[in-house]
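Trainee: Okay, structure incoming, though there's no sequence with it:
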């Protein structure tokens, strides 16, 4: 498998964690999101992914899958060892719920294309920075309120799920935009537990071949 | 089960379609998103859903599930008849991918709270209207390019999936914001096929008890 990725793309990072947790081999193909107006807008990449977003997973037969949630759930279906989703229905639902609070509730509102649009309104970038800080802060506090009181090592269980694949990159972005993480103590505890695992360490932006 | 809903909330609408397709009984509990600053922000509703968003599904034991994608996938797991997700892994992935193009790629960028934020920048609402029109138009054209050439009656198969649950409400919003739907002919074909089905007819905003 080949993963089209960018070191600091949070959705690519989610899939790197998922592939690593499952111990799957994959080749990285970096796509530079910023240089020369963004390689994701190039014709060759738009043929692979018309949304011009990362990541895209290329399967052995050449099929291209996009959307990190769909890719991670596909991997869970065809490589069920080291499950990203619990089998018990309510825990399964809760893991998806927590992941979607980030995937649909936070990340889209602070992704590069939204920030670039806001920068056209206010080239000083003050608007985009305060916008991103606000949506991430509020979203993470909502997430915290869904898991506070949980006594498990991770958000829901004693192993990481799809929710942690989404959480860790979102916390990194929270710091980039200056959020106050003292309000989300359970999320920080879970982050510490994740950071001890090789799968998370090897997926971190700083160790990617295209890191700058 | 009880569904906290609003007639014109597109994410509530998705879940109404899913419940109807599966023939499940549910009680509607309307939450007014607009009146008096929004009932979703009231204390009683935030205790149910700290994100202050719709929908929330209350299970028989009182558990509250939020996030429409998580709710629909939970329903598919515990009530597998009339499946919303194909069992074949690649079709399963593609159904989730198409749904996520809407769920993470379009809807969050045009939801009420984002438009209200933009209206604070430009109280004439011109900015929010053109913003919403732009993100929906671009998102639906991307979706069209993922399914063009498909010869099935629905987006992927001969029965509706989770992708159609997301598509139909998004097309309604596209019209509200004045998008040019002549660019997405396959999506319109699929919409026509959905409109013939009771499950979709009964989920439409216009027939909800709280419709105005």
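Mentor: All right, it came through fine. No experiment lies behind these values; they were computed from the predicted model shown.
Trainee: Could you pick out the residues of chain A near chain B for me?
Mentor: A:50-51, A:53, A:63, A:65-67, A:69-71, A:73-74, A:77-78, A:89-90, A:92-94, A:96-97, A:99-101, A:103-105, A:107-109, A:114, A:117, A:121, A:127, A:131, A:142, A:145-146 (C-beta under 8 Å from any C-beta of the partner chain). The way it works is simple: take the backbone N, C-alpha and C, and place the C-beta from them, glycine included.
Trainee: elements contacting the lengthiest helix in chain A?
Mentor: With residue count as the measure and DSSP state H as the assignment, chain A has helix A:126-147 as its longest helix. Counting by 3 or more C-beta pairs under 8 Å, 6 or more residues apart in numbering or on different chains; DSSP states H and E, the packing neighbours recorded for helix A:126-147 are helix A:89-103, helix A:112-121, helix A:162-176, helix A:185-195.
Trainee: Just name the shakiest helix or strand of chain A by mean pLDDT.
Mentor: Taking mean pLDDT, DSSP states H and E as the measure, the helices and strands of chain A show their lowest mean at helix A:112-121, namely a mean of 84.
Trainee: For residue A:173, which residues are in contact?
Mentor: Contact criterion C-beta atoms under 8 Å, 6 or more residues apart in numbering or on different chains gives A:10, A:107, A:110, A:132, A:136 as the residues in contact with residue A:173.
Trainee: so which of these comes closest to chain B?
Mentor: The closest of the contacts of residue A:173 to chain B turns out to be residue A:107 (C-beta to the nearest C-beta; 7.2 Å).
Trainee: Return the residues in contact with the closest residue to the closest one other than its chain neighbours.
Mentor: Once flanking residues are discounted, residue A:107 sits nearest to residue A:10: 6.1 Å by C-beta to C-beta, 6 or more residues apart in numbering or on different chains. For residue A:10, the residues meeting the contact criterion (C-beta under 8 Å, 6+ apart) are A:107, A:169-170, A:172-173.
Trainee: ditto for residue A:65
Mentor: Residue A:65 makes contact with A:56-57, A:59, A:71, A:74, B:93-94, B:97 under the criterion C-beta under 8 Å, 6+ apart.
Trainee: at 6 Å what do you get?
Mentor: Contacts here follow C-beta atoms under 6 Å, 6 or more residues apart in numbering or on different chains; on that basis residue A:65 touches A:57, A:71, B:93.
Trainee: How about residue A:9?
Mentor: Taking C-beta under 6 Å, 6+ apart as the criterion, residue A:9 is in contact with residue A:54.
Trainee: where's it relative to chain B, distance?
Mentor: When C-beta to the nearest C-beta, to the nearest Å is the yardstick, residue A:9 and chain B sit 14 Å from each other.
Trainee: Let me know the pLDDT of that residue.
Mentor: Model confidence at residue A:9, given as pLDDT, is 93.
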